[in-house]
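**Student:** Requesting a structural model of the entry that follows:
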Amino acid sequence: MKIINRMLATKRNTSTTTFLLCSPQFIATHNAFNQALIKCNQNKTLRSWCNDEGHLFGQHAGFRCELCKISKTTYKPIFGHEPHPHFVVLTATMSLEDFSAFEKLTH
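**Tutor:** Numbering: from 1, shown residues only. Purely as a prediction, here's the structure:
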């Protein structure tokens, strides 16, 4: 994929910002893309991560297999140690229970 080449070619001191919009299903089923995200984090070029509809992760991670998979294959390698990118969760309806479940996905 051309986007992977662009991601991996990005230098740490770049003034360019690239926004990648993708679904959990895409990350879970495209290993090369997932590995590129991890490599960008190691290169310190993955600076921010944003999850939209964060409450859905908290509510459905137990039975949505792609959410469980990216928790292990993506979130833990990226957010399991310092430094890691800024992590932003967008939602309008997250309960404390949803937050606790979501937090378990990233720790």
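**Student:** residues in contact with the closest residue to residue 86 other than its chain neighbours?
**Tutor:** The shortest distance from residue 86 to any non-neighbouring residue, by CB to CB, 6 or more residues apart in numbering, is to residue 48 (4.5 Å). Using the backbone N, CA and C atoms, a C-beta is placed for each residue, glycine as well. By CB atoms under 8 Å, 6 or more residues apart in numbering, the residues touching residue 48 are 85, 86, 87, 88.
**Student:** Apply 10 Å and report the result again.
**Tutor:** If you count contacts by CB atoms under 10 Å, 6 or more residues apart in numbering, residue 48 has them with 17, 19, 85, 86, 87, 88.
**Student:** where does the second one land on pLDDT?
**Tutor:** Among the per-residue scores, residue 19 shows a pLDDT of 91.
**Student:** There's contact between it and residue 7 in this structure, I believe.
**Tutor:** No: look at residue 19 against residue 7 with CB atoms under 10 Å: they stay out of range, at 11.7 Å.
**Student:** So which residues of the chain form helices?
**Tutor:** Here the chain has its helices, by DSSP state H, at 2-9, 24-29, 31-42, 54-60, 65-70, 76-79, 96-106.
**Student:** contacting residues for the closest residue to residue 25 other than its chain neighbours?
**Tutor:** Once flanking residues are discounted, residue 25 sits nearest to residue 66: 4.9 Å by CB to CB, 6+ apart. By CB under 10 Å, 6+ apart, the residues touching residue 66 are 23, 24, 25, 26, 27, 28, 29.
**Student:** try residue 3
**Tutor:** Counted by CB under 10 Å, 6+ apart, residue 3 has contacts 18, 20, 22, 33, 36.
**Student:** let's see 8 Å
**Tutor:** Contacts of residue 3 (CB under 8 Å, 6+ apart): 20, 33.
**Student:** Number the residues from 418 up from this point.
**Tutor:** New numbering, starting at 418: the last item is residue 420.
**Student:** All good on my end, thank you.
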